[in-house]
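A.B. asks: Sequence and predicted model, in that order:
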There are 2 protein chains.
Amino acid sequence: MSNVNIKKAFEDLKKERRNGAYSIGMAHALENIYNISINELSKAFKVQLISCVPGKSYFSFSLDNKISRPINSSLYDPSLVDWQSLITILNTDQLHSFSLGDLEKILYTSAISFCAAVDLLSTGDQKTPGTFFEYYIAFFFSWRLNINPQSSIQIQSLDNEQSSLPTDHIFNLGRGKRKFHMPVKTSSRERAIMLWAHQKLIDGVYGNGRFMGTPVLMQETKLDRKNKQVVEICLPGQWQLYQLYIAKLTRIYYLDPPQAYLKLSQNFPPLYVKSFAEFFFEWDTITPL
Amino acid sequence: MSNVNIKKAFEDLKKERRNGAYSIGMAHALENIYNISINELSKAFKVQLISCVPGKSYFSFSLDNKISRPINSSLYDPSLVDWQSLITILNTDQLHSFSLGDLEKILYTSAISFCAAVDLLSTGDQKTPGTFFEYYIAFFFSWRLNINPQSSIQIQSLDNEQSSLPTDHIFNLGRGKRKFHMPVKTSSRERAIMLWAHQKLIDGVYGNGRFMGTPVLMQETKLDRKNKQVVEICLPGQWQLYQLYIAKLTRIYYLDPPQAYLKLSQNFPPLYVKSFAEFFFEWDTITPL
């Protein structure tokens, strides 16, 4: 496993990011990371995992006594050609030439390859995959919408209090147009309530629903390294209470949506958890506006 | 450093905790942990740190290339005799025989000794100090009030939704009496917003202000291991926005209150950050009720 290649590719990505979320340079840097990651992963072994998630099967990459995060077998399909096709037509009307299933595979595979490669390099580095995933999701959404995200919002200052607040990605399409508040995390775990709390804050500053809350997460898998068992850690009952008592999130997108959350659209108050690929087709029709 | 003694003492504490938050057994188990911790720490070196916090000086314990979290020199004063005196009169009217300063030292020293000892045993174990600190604070408040905390609240169920929600410590003194919502964390870091979000949830279920939000934290220090510099990580501007837009916390208590937060009582909306020792004297007069 070449530590150097992976690290160098990530440094290049960080450098490009300073010039914006969706430049040509970013597209190249992400393609380079994808390429190097699948190349490095090809040197590792695949370990079949015991899936406790109905209808899903998982494997991990393993090398030198290290084991990667679980990877959903039916979503993992490495292909640089598919990646390049998607990038070419992402911000055009031809996106419908991709099926939802194809889009899900490309997005999942290119995101998780780098994370799995980092898992095999260093023990317990959660920061690098987290930063990568933020850049990755912001790139796709920015490229599709042709707009850069902001990372802070202005607060009406009365008494010289703090007048701007650092936030997760904010996409503002302009006067009278859609506005998105899009936190990005590899998983929510015990911190999910923060998604609703930040939405509540933005609702407070700009009014309820002015910004659509559309967080994006990768997956909610947990691997028992000893037994090689995979579970999805989900708290649907608590999420419903957050949606009821804290704020309204418009969507929660996943690259690998957990089963237990998909049913929440049937309950009150409804919470729509979907595949991130759907966002590319529905972003401009989610609300009537 | 005797790994075995410390671990055994913590296992004993966990065992006692199952019988309630403030039994005589808990008092003995906590005293035992304190005793073993200061004994083990006496085998380590004291390293003077460079304090970037005006008016505070810090040191760390160090052994075998490991270094403990920063310890506030003016609050650290190990004494088993002081501990025993406090336990004896904690739930009596004689608590005023302790000065606020003495109380602060006893509470700080007995809490941080175990945490520092764990820092020297294992690299990066945050869970053990976190669990210990939860038990520790719950013990003191329970002993003082003569009541056990709950760890969940009932939710009014309409459609067979989840009818109870796991929470941090909830102290309910009974019908028409004071009720406290008391999350306990060793530090808040980038997760502080969760304190307000949980308060918002409880306000939603039971009405605004029915439960007083009184989180307890240890300190907000950050140690640069290379330069041996200590800073306090504080975001007073953001806390003010949480207090304004998410929920109202009645107090935030610290064992070592950060300078930057003490001024927040002067702003709008006021946020009262205080020393945890003050809670023992003000808990039954905080609000008019």
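C.D. replies: It's in. Numbering: from 1, shown residues only, chains lettered A, B, ... in the order given.
A.B. asks: For residue A:280, grab the count of nearby residues.
C.D. replies: When neighbours are counted by other C-beta atoms under 10 Å in any protein chain shown, residue A:280 registers 19. Where you see a C-beta, it was placed from the backbone N, CA and C, and this is true even at glycine.
A.B. asks: Any regions of the stretch 151-289 of chain A where pLDDT drops low?
C.D. replies: A:160-162, A:289 (pLDDT under 70).
A.B. asks: who in it is up against chain B?
C.D. replies: The stretch 151-289 of chain A comes close to chain B at residues A:155, A:159, A:161-162, A:165-166, A:191, A:193-194, A:196-198, A:200-201, A:203-205, A:237-238, A:240-242, A:244-246, A:267-268, as judged by C-beta under 8 Å from any C-beta of the partner chain.
A.B. asks: For residue A:152, give me its contacts.
C.D. replies: Shown in contact with residue A:152 (C-beta atoms under 8 Å, 6 or more residues apart in numbering or on different chains): A:164, A:165, A:166, A:167, A:170.
A.B. asks: Which among these count as buried?
C.D. replies: A:165, A:167, A:170 (16 or more other C-beta atoms under 10 Å in any protein chain shown).
A.B. asks: Among those residues, which one sits closest to chain B?
C.D. replies: Among the buried ones among the contacts of residue A:152, residue A:165 lies closest to chain B (C-beta to the nearest C-beta), at 6.0 Å.
A.B. asks: In contact with the closest residue to chain B within the stretch 1-150 of chain A, which residues?
C.D. replies: Taking C-beta to the nearest C-beta as the measure, the stretch 1-150 of chain A has residue A:124 as its residue closest to chain B, at 7.8 Å. If a contact means C-beta under 8 Å, 6+ apart, then residue A:124 has residue B:124 as its contacts.
A.B. asks: Tell me the secondary structure of it, please.
C.D. replies: At residue A:124 the chain is in coil, as set by DSSP: H, G, I helix; E, B strand; the rest coil.
A.B. asks: Show me what stretch A:255-271 is in contact with.
C.D. replies: A:53-56, A:72, A:75, A:104, A:107-108, A:111-112, A:216-221, A:232, A:234, A:236, A:239-240, A:243-244, A:248-249, A:252, A:254, A:272-276, B:159, B:161.
A.B. asks: make that stretch A:279-289, sorry
C.D. replies: With contact meaning C-beta under 8 Å, 6+ apart, stretch A:279-289 is reached by A:90, A:95-96, A:100, A:103, A:140-141, A:144-145, A:177-178, A:180, A:209, A:212, A:214, A:216, A:250-251, A:253.
A.B. asks: quick one on the thing from earlier: please pick the buried ones from the residues of the stretch 151-289 of chain A next to chain B.
C.D. replies: The buried subset of those (16+ other C-beta under 10 Å) comprises A:155, A:165, A:193-194, A:196-198, A:200-201, A:203-205, A:237-238, A:240-242, A:244-246, A:267.
A.B. asks: Where helices are concerned, which of these count?
C.D. replies: Judged by DSSP state H, helices contain the following of these: A:193-194, A:196-198, A:200-201, A:203-205, A:237-238, A:240-242, A:244-245.
A.B. asks: pretty sure residue A:231 is in a strand, no?
C.D. replies: Yes - assigned with three-state DSSP, residue A:231 falls within a strand.
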